[in-house]
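> Sequence and computational prediction follow.
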Amino acid sequence: MSDHLRRRKAVLPVIARDLCTGCGWCVAACPDHLLVLEVDSQRRKAAELPQPELCPGCGKCLPVCNFRAIRLVKRVAQIPAGRA
Ligand code: SF4
Ligand code: SF4
């Protein structure tokens, strides 16, 4: 098992776009540099986690958000193809 899978927790951050101000604090706080700021068609910035499978679920992005836009949710188990 790879190191990043070994330290992966059963939770994952989810960002509520309607609450996110695009301040970027969570982006700066992520030790694995997994969060990015995206700009939508109305030129609103919001944080996103484009590769959730790489996130270890450390939760460090959570307390830095002053707008309660991030919550940790249970990771949905990925069932390998052919095992369902
Ligand atoms: S810290 Fe909160 S408000 Fe700021 S970019 Fe991240 S999710 Fe959005
Ligand atoms: S839980 Fe940790 S690794 Fe995942 S996005 Fe937040 S700060 Fe980054």
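Cool, got the structure. Ligands and ions are numbered 1, 2, ... in the order given.

> give the contact list for L49.
Listed by C-beta atoms under 8 Å, 6 or more residues apart in numbering, the contact partners of L49 are 12-13, 15, 34-35, 55. To be clear about C-beta, it is placed using only N, CA and C from the backbone, and glycine gets the same treatment.

> Over to A47?
Residues counted as contacts of A47 (C-beta under 8 Å, 6+ apart) are 15, 20, 22, 24, 26-27, 35-38, 69-70.

> From these, pick out the ones that also neighbour ligand 2.
L35 (C-beta under 6 Å from any ligand atom).

> Which of the contacts of A47 fall in helices?
When the contacts of A47 are checked against helices (DSSP state H), the matches are 26-27.

> want to throw the contacts of A47 into a markdown table with pLDDT?
As requested, the contacts of A47 are exported to a markdown table (pLDDT from 0 to 100):
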| residue | pLDDT |
| --- | --- |
| I15 | 97 |
| C20 | 98 |
| G22 | 98 |
| G24 | 98 |
| C26 | 98 |
| V27 | 98 |
| L35 | 98 |
| V36 | 98 |
| L37 | 98 |
| E38 | 97 |
| A69 | 98 |
| I70 | 98 |
